[in-house]
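**Q** test case, fold it:
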Amino acid sequence: MKPFVSIIVPMYNVEDYIEECVNSLLRQTLRNIEIILVDDGSPDRSGEIARRYCGKDARVKVIHKKNGGLSSARNAGLQAATGDYIGFVDGDDFVAPAMFENMYGAAKKDDLDIVMCGFHKHSDTEQAYFPPPLPAGRLLLSWDIKHELKRAHESRFIWYVWRNLYRRDLLKQNQLFFYEDIRFAEDSPFNLYAFYAAKRVKAIDEGYYMYRWNPQSLTEVPYKPYMDESLIRQYRAKKRFYETFQLLDECADDLVTYMCKHQIPMLLANACAEPKPSKQVRRHIKDILSYRMVQSCVKATSIRNTKLLTGQRLVLLLCKLNVPILLELFFKRNLPSKG
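**A** Okay, here's the model as predicted:
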């Protein structure tokens, strides 16, 4: 019987968490699912643990591949998926037992292309709930979705694929895959295309997904050597999306403000987290300030922009003045930081 939902789980260095993750999927109240565990060349025991599950439950499939990053692992899962809908769960996270039954039920009831839910972010000491950024319980049609795209970065509804359930035919017919050369914040370009292609979308205000704060995960480590190139490629992919669908004029302010509010500070904080002497850190900052995307966004954004916080305005001013030494002092004072 064809599975209702395919759940794609990329794995890399998650041997401490993968059992809790897979167990939460095997406990799903929706039984007709397939679980695709993608071993992305993990050097730990993740692949071995996955094979053990495969031998216990016919719904579990395992893909072993050469390391290519999260996008590559998700693409491998997409190629193998056979379900009517597709969900993503990261190997160090877990989900509520009714997640896929309730989301699949909502999708079938309203013939949805994408269903979104909320999530809990938790650690050993605390937990916080993040509701879906789209209007909960409201059926969004094509016009509504395109209106939301004008504030996609402000509302952050294009963040994260793991809180969404996607109709597989939507992804297949539009040939939607993840950019494999983007190794950080790869979700948002994928979601821009997916939501633009969707005709019917709904959000459910329930925290079905459990995002684990893992200090060793790719998103949490202080310094990421691949960040600059990834964010440049991400920016180019987003601009290409807006240009392709003639949305650049309507969406430019949202993108540029986001760059100055989040991604340029993220680049600068990352440079300052690099374990190198100040002279080399300042050279890196100078390089960042010379990037075409940084220069155009800094030039287009006023320091009076009311969407920027005081610290973000100060960073923007220092970027406009091109003073690497003061930027270094600012971010090193505020480390550890993700921007």
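**Q** quick one: contacts of stretch 58-74?
**A** Among residues not part of stretch 58-74, those counted as contacts by CB atoms under 8 Å, 6 or more residues apart in numbering are 3, 8, 10-12, 22, 26, 33-42, 47, 50-51, 53-54, 76-77, 80, 88, 161, 178-180, 182-183, 186, 218. Backbone N, C-alpha and C define where each C-beta goes, glycine included.
**Q** ends of it, what's the gap?
**A** Start and end residues of stretch 58-74 are separated by 21 Å (CA to CA, to the nearest Å).
**Q** okay, now the unreliable bits of the stretch 101-250 of the chain?
**A** Applying pLDDT under 70 to the stretch 101-250 of the chain picks out residues 214-222.
**Q** buried stuff in the lengthiest strand in the chain?
**A** Determined from DSSP state E, the single longest strand within the chain is strand 200-212. Using 16 or more other CB atoms under 10 Å as the test for burial, strand 200-212 gives 200-204, 206-212.
**Q** sorry, back to before: list only buried entries from the contacts of stretch 58-74.
**A** For the contacts of stretch 58-74, a burial check counting by 16+ other CB under 10 Å picks out 3, 8, 10-12, 22, 26, 33-42, 47, 50, 53, 76-77, 88, 161, 178-179, 182-183, 186.
**Q** in strands only, show me these.
**A** Per DSSP E, these map to strands at 8, 10-11, 33-40, 88.
**Q** can you pull the domain assignment for this structure?
**A** Domain assignment for the chain, taken from automatic domain parsing, gives 5-212, 227-334.
**Q** measure the first one end to end?
**A** Read that as domain 5-212. So domain 5-212: terminal residues 23 Å apart, CA to CA.
**Q** how about JSON lines for the buried residues of strand 200-212, with distance to residue 315 added?
**A** JSON lines is the format used below for these (distance: CB to CB, whole Å):
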{"residue": "200", "distance to residue 315": "40"}
{"residue": "201", "distance to residue 315": "34"}
{"residue": "202", "distance to residue 315": "37"}
{"residue": "203", "distance to residue 315": "32"}
{"residue": "204", "distance to residue 315": "36"}
{"residue": "206", "distance to residue 315": "36"}
{"residue": "207", "distance to residue 315": "33"}
{"residue": "208", "distance to residue 315": "36"}
{"residue": "209", "distance to residue 315": "32"}
{"residue": "210", "distance to residue 315": "33"}
{"residue": "211", "distance to residue 315": "27"}
{"residue": "212", "distance to residue 315": "30"}
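**Q** between these, which is nearest residue 270?
**A** Nearest to residue 270 out of these is residue 211 (CB to CB; 21.3 Å).
**Q** quick one, what contacts the residue lying closest to that closest one once chain neighbours are set aside?
**A** In space, residue 211 comes closest to residue 121 once its chain neighbours are excluded; the distance is 4.8 Å by CB to CB, 6 or more residues apart in numbering. Counting by CB under 8 Å, 6+ apart, residue 121 makes contact with 127-128, 130, 211, 213.
**Q** dump the ones in strands among the buried ones among the contacts of stretch 58-74 to TSV, plus pLDDT and distance to residue 115.
**A** Converted to TSV, these look like this (pLDDT from 0 to 100; distance: CB to CB, whole Å):
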residue	pLDDT	distance to residue 115
8	98	16
10	97	21
11	96	24
33	98	15
34	98	18
35	98	19
36	98	19
37	98	23
38	98	22
39	97	28
40	96	26
88	98	13
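**Q** so how far is stretch 250-268 from its chain's centroid?
**A** Its chain's C-alpha centre and that of stretch 250-268 lie 16 Å apart, by CA atoms, centre = their mean, to the nearest Å.
**Q** CA-only coordinates of it in PDB, if you can.
**A** Provided in PDB are the C-alpha atoms of stretch 250-268 (Å, rounded to 0.1, in the frame of the first residue of the first chain):
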ATOM      1  CA  GLU A 250       7.400  44.200  -4.200                       C
ATOM      2  CA  CYS A 251       9.700  42.100  -2.000                       C
ATOM      3  CA  ALA A 252      13.000  44.100  -2.200                       C
ATOM      4  CA  ASP A 253      12.400  46.000   1.100                       C
ATOM      5  CA  ASP A 254      11.600  42.800   3.000                       C
ATOM      6  CA  LEU A 255      14.800  41.100   1.700                       C
ATOM      7  CA  VAL A 256      17.100  44.100   2.200                       C
ATOM      8  CA  THR A 257      15.800  44.900   5.700                       C
ATOM      9  CA  TYR A 258      16.300  41.200   6.600                       C
ATOM     10  CA  MET A 259      19.900  41.300   5.300                       C
ATOM     11  CA  CYS A 260      20.700  44.300   7.500                       C
ATOM     12  CA  LYS A 261      18.800  43.100  10.500                       C
ATOM     13  CA  HIS A 262      20.000  39.500  10.500                       C
ATOM     14  CA  GLN A 263      22.400  38.200   7.900                       C
ATOM     15  CA  ILE A 264      25.000  40.900   7.700                       C
ATOM     16  CA  PRO A 265      25.300  40.900  11.500                       C
ATOM     17  CA  MET A 266      25.500  37.100  11.300                       C
ATOM     18  CA  LEU A 267      28.400  37.300   8.900                       C
ATOM     19  CA  LEU A 268      30.200  39.800  11.100                       C
END
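**Q** distance from stretch 299-318 to the middle of the chain?
**A** 25 Å.
**Q** just the endpoints, please. Distance across it?
**A** Termini of stretch 299-318 sit 12 Å apart (CA to CA).
**Q** could you do stretch 41-59 as well?
**A** End-to-end distance for stretch 41-59, by CA to CA: 22 Å.
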